[in-house]
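> Give me a model of this one.
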Amino acid sequence: MAVLFGSVGASTGAGAADGTKSLTTAHSARGVGVVAKCRGRATTRPSFVVFACGDGNFYAKRITWDSWGGSRATGRGTAHVNSCDPNCAEGKFETFPVRISVSRVRSCHGGRRYTRATTSFSRSDRPSGPRRFSWPLSCGAA
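Numbers count the residues shown, from 1 in each chain. The predicted structure is shown next:
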């Protein structure tokens with residue numbers, strides 16, 4: 001499953017219909033990035049993440065990062081999860097607090113990228129399904 005990383009309030013790109021702005025490339029002080037737009041270039045400290053690129057049924061917004069640039073980065077935000085009840089086309093999105101970590105730094109196209117994301121929900125306020133889930137991240141374009 002592919003994962004999209006984007007940014008809200010970036011200084012480049014035109015605003016989308018939902019008020020977000022795209023960010024094609026940015027570099028943190030330590031140079032570790034994550035892939036933007038499922039197969040695009042790397043970006044850093046994204047405030048918007050789509051975990052279900054194929055259908056958009058799971059994404060997070062308003063992410064703030066507690067750390068970035070080391071072997072693992074951690075942050076928190078608001079997850080938007082489709083209930084898929086009675087099916088995903090007719091389901092409603094529900095929101096939950098989520099913790100996100102990115103890890104497994106690898107060399108990709110001459111840069112360093114996080115290649116795994118993990119989402120974690122509290123025991124009491126979470127969607128149905130696993131409390132914690134890991135997602136592979138692509139190296140993206142050169």
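> where's Gly70 relative to Cys139, distance?
19 Å (C-beta to C-beta, to the nearest Å). (Glycine included, C-beta is placed from N, CA and C.)
> Could you check which of those two has the larger neighbour count?
Cys139 (15 against 11; other C-beta atoms under 10 Å).
> is it true that the more buried one touches Cys108?
Yes: judged on C-beta atoms under 8 Å, Cys139 makes contact with Cys108 at a distance of 3.3 Å.
> Can you pull the residues that touch both of these two?
Thr115 (C-beta atoms under 8 Å, 6 or more residues apart in numbering).
> so who does Trp65 touch?
Per C-beta under 8 Å, 6+ apart, neighbours of Trp65: Arg45, Ala73, Thr74, Gly75.
> Present the residues you listed as a markdown table; the columns should include neighbour count, pLDDT and secondary structure.
Listed next are those as a markdown table, based on neighbours: other C-beta atoms under 10 Å; pLDDT from 0 to 100; DSSP: H, G, I helix; E, B strand; the rest coil:
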| residue | neighbour count | pLDDT | secondary structure |
| --- | --- | --- | --- |
| Arg45 | 18 | 91 | coil |
| Ala73 | 23 | 95 | strand |
| Thr74 | 16 | 96 | strand |
| Gly75 | 20 | 96 | strand |
